[in-house]
Each structure stands twice: as C-alpha cells, then as structure tokens.
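Asks: show me how the following folds:
(2 chains)
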There are 2 protein chains.
Amino acid sequence: MGGKVQNQNLKGYIGEALKKLIDVNAYPGDLIEIEKPGTPKIAGILMPRYELEEKSTLIIKLSNGYNIGIKITPETKIRVLKKAVVKKGVAGAPAPLSELPKDLPNEKVLVIGTGGTIASRIDYETGAVKPSLEANEIIQAIPEIINYARLESEVILQIFSENMMPRYWERMAESIERAINRGYDGIIVAHGTDTLAYTAAALAFAFHKGLPIPIILTGAQRSSDRPSSDASFNLIASVITASKAPFAEVVVVMHGETGDTYALAHRGTRVRKMHSSRRDAFQSINDLPLAKVWPWTGKIEILNRKFQKRGEKDVLLENGFDEKVAIIKHYPGMDGELVDLLIDKGYHGIVIEGTGFGHVSDKAIDSIKRASESEIPVVITSQTIFGRVNLNVYSQGRKMLKAGAIPLEDMITEAAYAKLSWVLARTRNLKEVSKIMRTPLAGEMNKGHDLRYFPRWYHG
Amino acid sequence: MGGKVQNQNLKGYIGEALKKLIDVNAYPGDLIEIEKPGTPKIAGILMPRYELEEKSTLIIKLSNGYNIGIKITPETKIRVLKKAVVKKGVAGAPAPLSELPKDLPNEKVLVIGTGGTIASRIDYETGAVKPSLEANEIIQAIPEIINYARLESEVILQIFSENMMPRYWERMAESIERAINRGYDGIIVAHGTDTLAYTAAALAFAFHKGLPIPIILTGAQRSSDRPSSDASFNLIASVITASKAPFAEVVVVMHGETGDTYALAHRGTRVRKMHSSRRDAFQSINDLPLAKVWPWTGKIEILNRKFQKRGEKDVLLENGFDEKVAIIKHYPGMDGELVDLLIDKGYHGIVIEGTGFGHVSDKAIDSIKRASESEIPVVITSQTIFGRVNLNVYSQGRKMLKAGAIPLEDMITEAAYAKLSWVLARTRNLKEVSKIMRTPLAGEMNKGHDLRYFPRWYHG
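Replies: Model (predicted):
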C-alpha cells in the first residue's frame, strides 16, 4: 500500500525533477541527497507536491524540520540515502530522520481540524490557495511528531477563518469536551490564523471553570506546500505543548520569531495576530507569553508562572455564544449613528474600540446612553492595542461612565468581543453583564503593568 | 509686571511648600536649590502650579527639561540661586538654565493650538482633566525654546481630539496655508493625541502637492501640570524640527522611548498611537521614522532618507474632506448588515479593516458588491496593523476583488480613512477613487518590505 501511495504522490513533480526522481527510484518519504555543481550537498526527506507554479523544483524537509525548494537542472545529482519506512497503522508515513522510537510515547494528543492555511493547498482552477487537506494528511507529513505523542485526528469543520462564527466556537467546545472525556493529554485545534485569536479567547471563557489539560490553537501563515511553510514547525511545537506543558489553559502556539528557533505559547485571551504574513505574527498583548517551546529538543521554558495547572480541575464546559454582538471602531467624526443602527437592529451588545483611554465623541455618548437605557451593554476597549482603558482621567471619560459605558481595563478587543458574546448567552441583565465583563475570568484583565509588555521598535 | 505675574502664580502652592517659598522670596521662574536631609541637593526652575492633589509638593524643572515633584517637609531647605529674568516682549518668561542667547534666532515658528492634553489642566470641579490653557501659556513655561526659534502662537480650536472631525482638518489646513504665506520656517500643531494620527494623515494628503516647510503635529500623553508630563520635551523637539529639519513633510514629533533621550519624527501617513498612556506611544508602522530629534543638543539625526526636501515646492493646498465616510472593523460572525446600513444611510465611502490579508466573511462580500454597484467605494486595510493587504493569495480575496473591494496594500487604517475622506471630496467616480486610493501620494503606501518595521517583543 505504501508503494502505491508514493507512486501517486510523485505525480506533482514535473520536468527535470521528475526525470531524476524516476532515474533513482525516489519517492516522497525517502531520505535523499542532492548535489549541485559548486554548492554543498544537502540531504532531506523528499516531500509530496500538490503542483506548484515553479518548474522542476524538489521540496525536501531538512533535519531542522524546515522545508526548502531546490531547483533541479540537468547537472544536479540525486541519491537515495534511505527508503521510507512504511509501518502498519502509520500509512504512508515517510522515514524519520532519526530512528523511530522503539516504543511509542504514552501521551495521547488529538488534532481537531477546522480548516485554514494549515490544511490548505493550491487550487488549480484559480491558482489561489483554498482549504482542502485533512488534518491527518498533514500529520503524516511530519514524522517527528511520533516522538512526542500518539496522535489522532478529527476534522469537524473545513472553513477559512474569516468565515468563523460564534456558532462554530460552540461546535469546537463540544468536540473538545467530548475529547477530554475520552482521555487525551492535550488537544490541538488547527485553525485559520485570521480569527484564531477570537476563537482562542472564546474557548478560554467557555472552559474557564474547568480544564484539566492544555488546549492548543495553532495555524500556519504560509501553506504547507510552500517551502517557507510554518505548518510543521507549529504542529510539532503544539504536540510538545499538548503532551507535556504544565498548564491547563487555552493557548495559541505559533512561531516566536522569524527564525526556526522557538515557538511561543500565548494565553488565549491575550494574543493577537499582529502581522498579515510574518510567521511570528502572533504575539502577547499586555501580558507575557506563558512559555517558549523548542521544537528540536522538545523543551518547554516557562516565561510566565501565572497559570492554571494541569490536572487540577475536572472539565466543566459552559457553552453558548450570542451572535448579536458587534464591534465598532471609533474614528474622527464618528457620531452615534452606527450605535443607533445596531440598537434598532436588535443587537444584544456592542464593543466600542475607543481612542486612547477609550474615549468616543460627544455625539456617540448620547447613543451609548440610549443603548444602556435599552439594557444593551456597551463595553469599551482601546484601539491603541497596548495599554488600558481609563474613563476616570478626563471629563469625556466621566461623561461616558455616566452614560453607562463599561470600561474593560487592559482587555484586548478580541477577548472583549468573545467574552461579551459568551456572557450575553448566560444573562441579558445589564448590571450582571457589566459585573461579569469587569471580573477577570481567564487572565483577560490585569491590574499590573510591565514595561516589557510594550515591544521595542527599530529606531536606528 | 513680571513680579505681579509671579506673585499670582505662587497661589497654587500650599502647606510647608508655600511657607518655605515665602521665607526665601522664591517665585515661579526662579532657579532654586532644594536640600533634604540624607539626599543630594537638587536644583531647577520653580514651576507654576495649578492646584494638584498632592500636598506640600514643589515642582521644579531640571536642566534636562524634565519636571519633577519634591515633597517639602519642615526639614527641607530651599535657596534661590538665580531670580527669573523678565524681558520686555517675553512676558513672564522664567530664567533659562543657560544664559539667554544675545541675539534671538532668525527662524520663525508658529504654534497652532487645537486643544488636547498638551494644553490642559485639572478641572477643580470634577477632579478630572479638561482643556483650558492656551498654547502660548505653555510656551512661556519652556524657556529653552527661545534658543531655537522666534515663537508665535495662535489658538484655532479648543477641543479634545476624540471630538475631532474632518471639518476641523479643513480649518487647520486653511490656518497652515495662511501661516506659510506669512513666512514661517516651520509650523507646529498642538493636538490631542487620541486622533492625532488621523489629522496628520489628513494634512499630509491636503498638502501633498506642495509644502515648502515641515508641519509638525505634537501632543502630550500626560498633562503639563503633572511631574511626568511630556509636554515640554515634545514641544522643544517640535520647535527644533520645525526650525531646522531638512524635510518639508507633515510629521508627528513625540517621545521616541520611555526615557527623556530623543524624540522621533514620524511620517504623518505612517504613524499610529500604539499605547494608551506611554510617552513613547507613537510609533511608525510599515515604515522607518524620518528622524531622531535630540532636544538637549538640538541635533536632528536622519533615519529615513526618503522625504520631500524643504524649500523645493511652493505651498499648494487641496482642501476639503468628505464626512460621510465610515470605518468598519471585521469580526467573526460579521455579515453584511453594517455595510448595508451605511449604504442605506447614504455614506459615500467605507473603510473595512479586514482580517489578515484583508479578508471578510462570505456574507460581507455580497454587501461589498452592493456598495460597488452603488458607486460607493469599499477600501480594505488589515486589522493586524503590520503587514500588507493581499487579495490575490486566497480564493476569498479573489472573490472580494471581483465584488469591487479596493485593497490598500500596506496603508494603515488611519491613513486610509483620511485619504478616502479627502479623495471623495474631489471625485465620487468609483474608478477614479479606486485609482487615486491605490496611487501613493504622501508616502502612505510602499512596495518594499523591511524586517525592521516589525517591533521586537519581549520573550524572556
């Protein structure tokens, strides 16, 4: 069966690359060595392809887990160093660079697939990338993982994350609860990166009363058939975190910096996608990351000792999210019109991303008053991203408080939106909503400041 | 006259501090020395007060320009080292720490006051801060400025920046145009920090065809009667930039880092308030700052050589902003309702802060199509702040382009909003709007990338 799978996978290769692979009888999963005139030899595992634009290029995975593309010319020499190991129950798994462990580890980790770049490949019709691979196909491509855990996978959604909705958060929470009861040591949710931070916060609130194991959300900024893909790196780091981390929190595990050095585990209520394309786009806001995770050694280095410990609590899910919640970002000249429209349309709650300390214009304050009088909570975050809402410093802030605005301290907008959606599914009583919103439940709000929270800019 | 002004100013002091000041005949503007048992002597210029909460505290300005508060106990000793110099035409100016220059500099700089913390003090009725000081009162408190320029001031607005509106941008642009024609070497706009970045971008577009001198926007994160105020530091740096900088651009000059070392001059279309309260809250996004400005030596260090040179172009103002423009921030579960409401309410243009590469949900795409069909431009930025919109990578992006979405590359939301408001006041033709929005006019869009643009986070 392994042979057949390999044969099929070779079809993605074309031109000189295909010719040479056939010449030496090499298939995806084999450890091969490539020699080009004038450059050092390079060895790695031949990867399957899903038709890329570049012609006659081989993709190999290096021993550090990084995938690179090598252009094959007639002068290039290819040698097979080791054929793929095909074991029963690990269908199509390629040869690991190190020997397979004699006994598989005891830790059991579940990967829940929801879609996104981490499970995507190029669409031949349009040339664009669209979701298509199942999570378990990806896992098969990363043999290092079996050093850390017995992996299982389950695909519950196949969507890009811009189409994520609170109702899908509920479905994920249900799947996670069921999986916890089946006895996993950690659960990984593979998710599109665009709204991953919102989902992480939502799950953190749904499970804040009881979580015995870590729930890891991860994704990829570059798709898994691109040489610069971060899919494998993030998945290995996620498996290490899921199987070994001392915390039982909802965290996001993604590249920590541009290089392939370490990943970071960020608290789910404190993380934000801060760059459209960089692999280290995810960073902690107003908090320190929980841990550094080193995928090549399996080491977890704790950076932040404030966390819920593994195994201390039984699972307790409070599921349900209200979808009639909106975010409004304040801008110069904004009046109350947008808030009024949301009130008229029957929205149940509004997050306003105010300016600076959370301020809005005089005209918008009238609409906040109208919302509060209609028992519709209006919670306030700051569009500065870093820092803290404070409506007590300036007279404008005091007017807002009088109108009923609910200031959310140093909570980020993503967490505020997820929390408000979650709270409104429990109670619509304005006083209760306000009280719960201003009570920290899952590390989303802090009194303390730390100069290190603000990143350092390049100033020459 | 000087004596009378000083006498009145002393009234802000109370308790032991007032008693000791009367004992030694010291008034605001005098250089005094304070000696407390067990601590080194400290000298500085006694500052006027506007009734703070702390009792019996003196505020002095140190030789580095930093204001500090010192608690006065019965054991404290105060000595007057030098009385304030009161010169005709510089009413109430306190003694500079160094001798006054024999000849005032030739450079003429205008400070235009618009309100904000930089011109605010505590409101005794509510205990909160509200705008009240005129810009020229502030200037009088910072004698160092006369080493760099002959200063004049003009107050055109007295509002906090959350109440800023495009119509006020027009008024500022008019005042600036008139002032340029009167022959200043540089113009400073003192502005509240909350929406300062939007105003900076707006002015940059209004003057992009012709600006002979630098226009500096500055503000204060902490009010000028607080010991940690950044008002003086930012104003001195702004005066240096206005009088000497080699560029003729609209820039924002504010603290570069937490310490009182240097200020940064950021391009007006590339700057964002990134923290609610830090003095170095303003940072360049997707670009390098134009220059470092060192207030204690008057040095300007160029960091970015791409700029419009001083004196190369005559002033050419294209004024006018459309106020029917809105910003929408995409969130999970967002459908097209908000966009539809804006279309129905007769808005002329919409900025959508999409996720990641600029994506929105399937449902929102239908509404973008509806807007485009109604000749209402929908421009797309990214809520990741850093990076670049790219609607060509994923199928969702292609669908958005087909629906008429206008991707704004690496332009930040603040600049996109100001530019769309400015463009719509020139043309409502969708094709023309799209073309102008995607053509760089004032450094707001770049093809190039630079790893240094992304700040470095603390990771232990």
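
Asks: going forward, measure contacts between C-alpha atoms and count neighbours the same way
Replies: Noted.

Asks: then the longest helix anywhere in chain A to CSV, C-alphas only?
Replies: Taking DSSP state H as the criterion, chain A has its longest helix at helix A:166-182. Output in CSV follows, covering the C-alpha atoms of helix A:166-182 (Å, rounded to 0.1, in the frame of the first residue of the first chain):
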residue,chain,number,x,y,z
PRO,A,166,-19.7,32.1,17.3
ARG,A,167,-21.8,29.1,16.5
TYR,A,168,-18.7,27.3,15.3
TRP,A,169,-17.0,28.1,18.6
GLU,A,170,-19.8,26.1,20.3
ARG,A,171,-19.2,23.1,18.0
MET,A,172,-15.4,23.2,18.8
ALA,A,173,-16.1,23.5,22.5
GLU,A,174,-18.4,20.4,22.3
SER,A,175,-15.8,18.4,20.4
ILE,A,176,-13.1,19.4,22.9
GLU,A,177,-15.3,18.4,25.9
ARG,A,178,-16.1,15.0,24.4
ALA,A,179,-12.4,14.5,23.6
ILE,A,180,-11.3,15.4,27.2
ASN,A,181,-13.7,12.8,28.5
ARG,A,182,-12.1,10.3,26.1
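
Asks: distance of residue A:33 from residue A:15?
Replies: With distances taken as CA to CA, to the nearest Å, residue A:33 is found 19 Å from residue A:15.

Asks: same question, residue A:389
Replies: Residue A:389 sits 59 Å away from residue A:15, going by CA to CA.

Asks: out of those two, which sits in the busier spot?
Replies: Set residue A:389 next to residue A:15 and count neighbours by other CA atoms under 10 Å in any protein chain shown: residue A:389 wins out with 29 against 12.

Asks: pretty sure that one contacts residue A:412?
Replies: No. Using CA atoms under 8 Å as the test, residue A:389 is too far from residue A:412 to be in contact (9.9 Å).

Asks: need the overlap of contacts for the two.
Replies: A:381-382 (CA atoms under 8 Å, 6 or more residues apart in numbering or on different chains).

Asks: point to the helix or strand of chain A where mean pLDDT is at its lowest.
Replies: helix A:2-9 (a mean of 39; mean pLDDT, DSSP states H and E).

Asks: check which element follows that one along the chain.
Replies: helix A:15-24 (DSSP states H and E).

Asks: summarise which helices and strands that following helix is packed against.
Replies: If contacts are counted by 3 or more CA pairs under 8 Å, 6 or more residues apart in numbering or on different chains; DSSP states H and E, helix A:15-24 sits against strand A:77-82.

Asks: quick check: mean pLDDT of the strand it packs on?
Replies: The pLDDT scores in strand A:77-82 average 90.

Asks: buried ones in that strand?
Replies: A:78-80, A:82 (16 or more other CA atoms under 10 Å in any protein chain shown).

Asks: any chance of those residues in JSON lines, plus distance to chain B?
Replies: Shown next, in JSON lines, are the buried residues of strand A:77-82 (distance: CA to the nearest CA, whole Å):
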{"residue": "A:78", "distance to chain B": "32"}
{"residue": "A:79", "distance to chain B": "35"}
{"residue": "A:80", "distance to chain B": "35"}
{"residue": "A:82", "distance to chain B": "36"}
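
Asks: all helices for the stretch 101-250 of chain A, in order.
Replies: A:135-140, A:166-182, A:196-206, A:231-244 (DSSP state H, counting those that start in this stretch).

Asks: do the third one and chain B meet?
Replies: This points to helix A:196-206. Yes. Contact of helix A:196-206 with chain B (CA under 8 Å from any CA of the partner chain) involves residue A:198.

Asks: residues from the stretch 151-300 of chain A in reach of chain B?
Replies: So the stretch 151-300 of chain A meets chain B at A:162-166, A:193-195, A:198, A:272-278, A:283, A:288-289, A:292 (CA under 8 Å from any CA).

Asks: of those residues, select the buried ones using a PyMOL command.
Replies: Buried members of these, defined by 16+ other CA under 10 Å, are picked up in PyMOL with:
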select buried, chain A and resi 162+163+164+165+166+193+194+195+198+272+273+274+275+276+277+278+283+288+289+292
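
Asks: among the residues of the stretch 151-300 of chain A next to chain B, which are in strands?
Replies: A:272-273, A:283, A:292 (DSSP state E).

Asks: which one of the residues you listed is nearest chain B?
Replies: Chain B lies nearest to residue A:273 out of those, by CA to the nearest CA, at 5.6 Å.

Asks: quick one: end-to-end distance for stretch A:179-196.
Replies: 20 Å.

Asks: for the residue nearest the centre of chain A, give me its contacts.
Replies: Centroid-nearest residue in chain A, with CA atoms, centre = their mean: residue A:218, separated by 3.2 Å. Taking CA under 8 Å, 6+ apart, we find residue A:218 in contact with A:188-191, A:193, A:196, A:234-235, A:238, A:252-254.
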